[in-house]
Structures are given as structure tokens and as C-alpha cells.
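Participant: please find the sequence and the predicted model below.
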Amino acid sequence: MLRNASLSDYAFNVLLYAFLSAVFVVTFYPFWNILVVSLNDATDSVRGGLYLWPREFSLESYRSIFRNDELLLSVRVTVLRTIVGTPLTVLAISMMAYSLSKRKLILWRPLTLFFIFTMYFGGGLIPTYMVIKSLGLIDTFSVFIFPGLIGVFLMILVRTYMEQLPGELEESAKMDGANDLAIFARIVLPLCVPVLATIALFVGIGHWNSWYDSYIYTYKPELKTLQAVLVKILNQFQTGAMVSEAEQLANSSKRIPVSGESIRMAVTMVATIPIVMVYPFIQRYFVKGIMMGAIKS
Amino acid sequence: MEPAVTISPQRTKTERRRNWKTLVVEQRYLLLMLLPALLWAIFFCYLPMAGLYMAFVNYQPSLGGFWTKLFQSEFVGMDWFQYFFRNGDFYKIMRNTIASTMLTLVISFPVPILIAIALNEVRGALFKKTVQTVSYLPHFISWVIAANIIVTMLSSGGIVNDILKWLNLTDTSILFLQEGRYFWWIVALGNTWKEMGYNSIIFLAAISSINLELFEAAKVDGADRFQQIRYITLPHLKPTIVILLILALGGVLNAGFDQHYLLGNGLNQDFSDVLSTYSFRYGLQNSMFSYASAVGLFNSVVAFLMVVLVNYASKKLNDQSLF
């Protein structure tokens, strides 16, 4: 009996650790492999067989990124939109959440429904493009900030948090003659720092990761974000990959995707590294964040 | 027992109007703080909805501003929708959309549950934390990076082909992204890879709320760990699983644009084209604005109906409503 139980326990542990190790490898290895290839000499990489460690270490791919104006420019745009867009969105969302957390607000119900409805129904691609165009936002930096200014789902998170704050603080401030604006700025905002930090990280990552708006609403090279440039490189690679394999082999000694592919890996890494760096700071926040969202729905 | 009722005095019309005015004045700062959000919703949500009128006219992209052109365009009623339903693309696009999302659902739904159960059973805190941290990571990268990674792994010299060759399952490299028949699997597995760790958080939370005494009692009764999972953990997860499954069904027509667009190419187009990419291609690349809007409107309406239906079903089944 006892023997049997420990045997089953042993089998269980083997399965358990095998499964979780597989999850680890599957989610970790692709990033590692990209890093390895990006750090390997481009001509040598074509031979394939790069798995765990660079064979001929070289920083040439990264150096060529920093020599490339288009890529440098795109890093600048991405950083700029992230540091400009994130605070604006967090402010707009928290003001909105504060107003809508007051059930005594006139037209509270219709206004709430007015915003919730946008979560489930939209104009879709083409009409949205046309409206953005008619507003004169094509090829402007504003197109990165305003169309995505509000996230209704994030607003609900903030509102839920605000509703749980003790009301006495606000009431006593009101007695002292403070208006809603002052209460919001001096009392509510400081109390909301945890939830605001959570949504700031979500919004910031959203800005860093966005490609679509830059890809379709901008034409100027100085407005292309890093991710949009990466899409372009991916497209080139995909079209290049359609050349038959024989041709590829024949070409591999000459010019074709050799250096192109290494640069693709290096750019992928450059776009990933900041996420990996802020990631340890987000982790403890986002678990809480999801929980709040889950409880709400 | 008499219920406490306060009878409000009858108000006259003028009184009420004055009341409204004082309320607006009283709440002026609250309204002011709502203003940016209100403008955002009007300009970027409701104006595009009005722009959906495009789907019912023959929009000509020639001189004039968008709205003037729109309302001067010839009204054609449901012609664009009929054109979409009657030409052969409709069947193909719907097949791809539904097949892709259903396959994603079937593969990506159970995996996070398994991960959550497994993580809960791990004793070593360091191992648990490492696996969690790493498995959440793909959620935070963009689909652009994910697509780059997937393309690399599946390329002719990529690790997947190397493993297949090593296992003697194939002797020539399989060109996964150039043959349509692999496409739905690539998207389904890609979605699973990207979201499995992150989606496990919610199940992990549900498990952590189970009373530990239940496990103790089961152990005393001689249940091994498989049996504990089967008779305690899984039944307690059931409500969460049901709600999330119902929710997921609401999104069956919303195949992600990013993954289909970024992984799609000319060679796999017969299998990679879904409603959103089809509308994108016809609208922004072929300039058939009205047709693309009609396809987009069809997508939005059906998706919206799905959500309403699913919400209704969830209400009936769980007594829980999503909005």
C-alpha cells in the first residue's frame, strides 16, 4: 500500500517536472535562439546548426543597426511616443474613471453605456482610416497619441479601484471647501498610485509594441516606429523566402538574405530587450491587475 | 412591517429644469474631467461608426472631403453585401476565420489549465517562479516580434526542421509558411505559445482559493495526487472554466488581424485570409473602400451578436452577466 502510493507519487513528480520543463523550454528557447543568431557572424550563420551558443561571436549585426539611419530614427519615434503617450493616457483614463465612479453624476448610466458600447462595436478598419484621414491626422505624431488615448477596459480597472477607496477622506476635504478637481488631484490620485502604475505599464508596453498605426497612418520615414520597420523587414524576408530553396543555396555564397537575416534577428532583439528589462517590475503588478479585472467580470 | 418609504414631493417642470442646471454647475469639474474621454469616443469610435454608411453606397475616392463625398455617393443598399456573399471568397474567408479560431480555442484553452494545475503542485518556489516568469513573457511582446520568431523557427534551416530531420520524420526541409495546409496549425500553436502562461494566472488564482483542508482530508482518505486533482482541483475549477469558455466562444469570429496578416503571404493566402485581413487588403491595398467596409461591417455585426448571445447564455447558465 505504502509502496504503491510512493510509486504513484514518483510518477506524478516525473510527469509534473517534465511538463513544466517543456513549458519553460518552449517559451524560453525561441528568444535565446534569436539572441544566439544575432550574436553570431552573419556569413557563418548561413551554415545553420546554431542552437545554444554563438559559433563565431560578432557584434556586427548590432553595429549595422546603429549605422542605419532608418532604424535609429524608428527607435527614437518609439521611445518618444512611449514617453509622451503613456502619461497622457493615464491622466485621461484616471480623470474619466473618477467622473464615472461618481454614481450621482448626471446621465451616469447613459454615459457609462456610451463608453462600454465602444468595447463591443466599432466602425472597423476602413471607416476608421477615413475618419482619421479626414481629421488630418495622417502623417502626424498625434496619430500615435489620440486614437488610442482611452482604453475602456483599463478605465474599468481604475474605476473599480477608486470605488473601493474610503469615502470619508473625500467628504472631509469637501467640508473644507475643496472642489472635485482638487480632491481628484490631491487625494484620489495619490491613493491610486498602485493601479495607475499597473495601467501605465500596460499602456507603455502597448505604445512600445504598436506597429499598426505607424504602418498604415504614416508614410514619412521619420514617423515609422521600430515595430513598423520590423514588419517591413519581415515582409521582405517572407518574400525572399519564397525564392526556391535551390536558388537560395546558390545565392547564399553571394549576397542574399545572409546579412538581412542577422539584422532581422538583431532588430527583433532590440525590440524585445526593453520589455524583458521592465518585465520584473511589472510582474507583481499585473497579476493583481488581472485579478481585479477578473473579479469585475 | 411598514417599509420605510420617503415620498418625494411632486416637482414642477421649472423646478426640475433648475435642478438640472444646478446639478450641471455643481458637477462642472466632474464633467470637465470627462470631456477628453467624451471627445475621444465621439471622434474615434462613433464617427467611424457613422462612416460605416460607406458600406451602403458606392464610395468614389475622388475630390472633396470624406463626409461630403460619402453623402454624395450613390446609394446602393445591400449590393456590396450580396457581392460578398455571392462570390466564391465568402466561403473561403468564413472557413478560414472559423477554422483558425476554433483550432486556436481547442488547443490554447486546455493548456493554461494544465499549466496552472501543474504549477500549483510544484513544491520548489524557485522552479515555480522561474517557469511562471518565463512563460508569461511571450504575452508582452508584440505580434510582430512573435511572427519574426515563428518565421525563424519554421524556416528551412530553423530548429523545427532540424528536429524533424533528426527524428528522421523528413529528409528535406518542410516549408511551413509556404504551404497553406499548415497555416491554421501555425496560428493556433502560435497563439497558444504566446498566451498560455499568461492565461494560466486566472486558473492559478481560482486554485489558490480552494480550501486546503479538502486536500488534507483527501490525503487521509488515501487519495494520491492524481486523484486529488481529479476529485478536488478540477471540480473547483469548473465554474471558472465554463465562464472563460463561454467568453471565448463570443470571439469566434474575431480571428486576430496581427497574426494572420503578419504570417500570411501570397503562397498561403487561400488559408490565411480571414475577414479582417481580407477587408484590409481590399480596402487599403486595392482601394475598394465600400466593399471592404461592407465586409468589416458584416464582421462587426456578427461578432457583436455573438457577444450579446454569449452574455445571455452566461446569464442563464451561471446567473452571471458580463455587462
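Facilitator: Looks like it arrived, so ask away.
Participant: every contact and neighbour count from this point should use C-alpha atoms.
Facilitator: Will do.
Participant: point out where the chain drops to low pLDDT.
Facilitator: No chain in the question, so chain A it is. For chain A, applying pLDDT under 70 flags the ranges A:1-5, A:240-259, A:284-297.
Participant: meant chain B, my bad for not saying
Facilitator: B:1-17, B:63, B:318-323.
Participant: right, and chain A sits closest to which residue of it?
Facilitator: Of all residues in chain B, B:M49 sits closest to chain A, at 4.1 Å by CA to the nearest CA.
Participant: which residue packs closest to that residue, ignoring adjacent ones?
Facilitator: A:G123 (4.1 Å; CA to CA, 6 or more residues apart in numbering or on different chains).
Participant: give me the number of residues near the one you found?
Facilitator: Other residues within reach of A:G123, judged by other CA atoms under 10 Å in any protein chain shown, total 24.
Participant: ok, it touching B:M54?
Facilitator: No. With contacts counted by CA atoms under 8 Å, A:G123 stays clear of B:M54, the gap being 10.4 Å.
Participant: near chain B, which residues of the stretch 51-200 of chain A? Just list them.
Facilitator: Within reach of chain B by CA under 8 Å from any CA of the partner chain, the stretch 51-200 of chain A has these residues: A:51, A:92-93, A:95-96, A:98-99, A:105-106, A:115, A:118, A:120-128, A:130-132, A:134, A:146-147, A:149-150, A:179-181.
Participant: again, only using 6 Å
Facilitator: A:95-96, A:99, A:122-124, A:126-128, A:134, A:147, A:180-181 (CA under 6 Å from any CA of the partner chain).
Participant: of these, buried ones?
Facilitator: Buried subset of these (neighbour count, 16 or more other CA atoms under 10 Å in any protein chain shown): A:M95, A:M96, A:S99, A:G122, A:G123, A:G124, A:I126, A:P127, A:T128, A:P147, A:D180, A:L181.
Participant: after whichever strand or helix holds the last one, which helix or strand is next?
Facilitator: Read it as A:L181. Using DSSP states H and E, A:L181 sits in helix A:180-183. Counting by DSSP H and E, the next helix or strand C-terminal to helix A:180-183 is helix A:189-191.
Participant: distance from the chain centre to that next one, please.
Facilitator: Helix A:189-191 sits 25 Å away from the centroid of its parent chain (CA atoms, centre = their mean, to the nearest Å).
Participant: again with stretch B:141-156
Facilitator: 20 Å.
Participant: quick one: it near chain A?
Facilitator: Yes. Counting by CA under 6 Å from any CA, chain A has neighbours in stretch B:141-156: B:S142, B:I145.
Participant: next, the buried residues of that stretch.
Facilitator: B:141-156.
Participant: now do the SS call for the closest residue to B:F44 other than its chain neighbours.
Facilitator: Nearest-residue entry for B:F44: A:P147, 5.8 Å, with adjacent residues in sequence omitted and distances by CA to CA, 6+ apart. Following DSSP: H, G, I helix; E, B strand; the rest coil, we place A:P147 in the coil state.
Participant: do A:G48 as well
Facilitator: Secondary structure for A:G48, judged by three-state DSSP, is coil.
Participant: next, the buried residues of stretch A:102-116.
Facilitator: Here stretch A:102-116 shows A:L105, A:I106, A:F115 as buried, counting by 16+ other CA under 10 Å.
Participant: now tabulate these in JSON lines and tack on secondary structure.
Facilitator: Listed next are these as JSON lines, based on three-state DSSP:
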{"residue": "A:L105", "secondary structure": "coil"}
{"residue": "A:I106", "secondary structure": "coil"}
{"residue": "A:F115", "secondary structure": "helix"}
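Participant: from these, which single one is nearest A:P87?
Facilitator: A:F115 (20.9 Å; CA to CA).
Participant: out of the residues of the stretch 51-200 of chain A next to chain B, what pair is the most spread apart?
Facilitator: Farthest pair in these, by CA to CA: A:I126 and A:D180, 39.8 Å.
Participant: residues of the stretch 1-150 of chain B that sit close to chain A?
Facilitator: So far as CA under 6 Å from any CA goes, the stretch 1-150 of chain B lies against chain A at B:29-30, B:33-34, B:44, B:48-49, B:51-52, B:66, B:131, B:135, B:142, B:145.
Participant: and the furthest pair within those?
Facilitator: B:F66 and B:V131 (51.8 Å).
Participant: quick one: the helices in the stretch 51-200 of chain A?
Facilitator: A:60-67, A:69-100, A:108-120, A:125-134, A:152-163, A:167-175, A:180-183, A:189-191, A:193-209 (DSSP state H, counting those that start in this stretch).
Participant: count of residues packed around residue 64?
Facilitator: Looking at chain A here, since you left the chain open. 14.
Participant: actually, chain B is the one I wanted.
Facilitator: Neighbours of B:G64 under the rule other CA under 10 Å: 9.
Participant: ok so it is a strand residue?
Facilitator: No. Judged by three-state DSSP, B:G64 forms no part of a strand; its state is coil.
Participant: which ones are touching B:T101?
Facilitator: B:V252, B:A255 (CA atoms under 6 Å, 6 or more residues apart in numbering or on different chains).
Participant: what comes up buried for the one helix or strand it maps to?
Facilitator: If you go by DSSP H and E, B:T101 is part of helix B:89-108. Judged by neighbour count (16+ other CA under 10 Å), helix B:89-108 contains these buried residues: B:90, B:92-93, B:96-105, B:107-108.
Participant: what about A:T86, distance to chain B?
Facilitator: Computed as CA to the nearest CA, to the nearest Å, the A:T86 to chain B distance reads 15 Å.
Participant: just to check, that residue is in contact with A:G206?
Facilitator: No. Counting by CA atoms under 6 Å, A:T86 stays clear of A:G206, with 9.1 Å between them.
Participant: gap between the residue of chain B closest to chain A and A:L154?
Facilitator: According to CA to CA, to the nearest Å, B:M49 and A:L154 sit 22 Å apart.
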